[in-house]
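>>> need coordinates for the below:
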Amino acid sequence: MAQRRVVFVADDLGVSAGVNEGIAQAARAGIVREASLCVTGSAVAEGVRIAKDLSIGIGLHLSFTLGRSLTGPIRGMTDAAGNFFGIGKALVRCQLRLLDRAAVLREVEAQLLRLRDLGVVPTHANGHHHSHCWPVLRAVCAAAFARAGIRWTRLPAELPAVGRWQPLPLVLTALAAGTRRAVLRAGMRTLPFLGSTMEGRVDHAPRFLRALSRLPVGDCEWMVHPRVPDAEFTRLDPMAARLDAAARAELATLTGNDLRAALSRYEIESVRYQDLA
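Residues are numbered from 1 along each chain as shown. Alright, predicted model coming up:
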């Protein structure tokens, strides 16, 4: 067994055809073997088909910031038509506890059910914009994930050896600390995490390869976002779509020969959740 095993988890499966294509390319390159499905996206069925064809493990990428609620309007999280607010407004409402907890639970359970209706037995669950770690949501989500039989979730505290001391990783580390108790109470499992320090970078390849060289012995989860920019993604997530150049750089990294050579050089194995003891 390799001394270092990495579960490369591609987020946003199902959001758009461009995301599905990016994940497919990264899977064919031998890197991505797990993907998180956003059931409020616009290309969900296609995403499931692609993932199954490529033997990619599928989990839930719970959404409270993209698309439309499956259960109708939710006080504090959607407009009157059920469209989710953006990350800023939604996170503030969670921090102030200005939302309907029962309605939130119904939505989490509906998104889990939608996954099952698509013929998916989920290997893991996490949240778009790490919403599963937000105040109020984190306790609801961890308990609901566990009831659905899901063993693995994400605590997005960046590994120190990779570079935790930046604004975004610091925020995510705080959210992870607040979520850890709920995850332990639910009996779920997590892995050491990295990936947030490489989001939105046009210099993605050197950062990614440098992180590989510093990876500690053991298992970890590495969050990635391979996508081919497309109009539908821009419509659903206009803030992230401003980073199209970075998306192209990340996809080039994940499908390039340099990454495969580095994995071999550092004796790192790309695995699925089912491969972990």
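>>> going forward, measure contacts and count neighbours with C-alpha atoms only.
Fine.
>>> mind listing the strands for the stretch 1-150 of the chain?
Counting by DSSP state E, counting those that start in this stretch, the stretch 1-150 of the chain has strands at residues 4-13, 34-37, 57-62, 125-127.
>>> which of these sits most buried?
Neighbour counts (mean count of other C-alpha atoms under 10 Å) averaged over each of the strands of the stretch 1-150 of the chain peak at strand 34-37, with a mean of 30.
>>> packing partners for it?
With contacts taken as 3 or more C-alpha pairs under 8 Å, 6 or more residues apart in numbering; DSSP states H and E, strand 34-37 sits against strand 4-13, helix 44-53, strand 57-62.
>>> out of the ones you listed, nearest to Thr179?
strand 57-62 (15.3 Å; C-alpha to C-alpha).
>>> need the strands of the stretch 1-150 of the chain in CSV with mean pLDDT and distance to Ala80, can you?
Below are the strands of the stretch 1-150 of the chain laid out as CSV (pLDDT from 0 to 100; distance: least, C-alpha to C-alpha, whole Å):
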stretch, mean pLDDT, distance to Ala80
strand 4-13, 98, 25
strand 34-37, 98, 25
strand 57-62, 98, 21
strand 125-127, 98, 23
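>>> ok, which of those strands comes nearest Leu170?
The nearest among these, by C-alpha to C-alpha, is strand 125-127 at 17.7 Å.
>>> now for the closest one, which elements pack on it?
Applying 3+ C-alpha pairs under 8 Å, 6+ apart, we find strand 125-127 packed against strand 57-62.
>>> what lies in contact with the strand it packs on?
With contacts defined as C-alpha atoms under 8 Å, 6 or more residues apart in numbering, strand 57-62 is touched by 11-12, 33-39, 48, 51, 108, 111-112, 115, 120-128, 131-132, 272-273.
>>> tell me how far Gly47 lies from Val120.
Applying C-alpha to C-alpha, to the nearest Å, the value for Gly47 to Val120 is 11 Å.
>>> tell me which of these two has more neighbours.
Neighbour comparison, Gly47 and Val120: the larger count goes to Gly47, with 29 against 18 (by other C-alpha atoms under 10 Å).
>>> nearest residue to that one in space, please, no chain neighbours.
Gly14 (4.7 Å; C-alpha to C-alpha, 6 or more residues apart in numbering).
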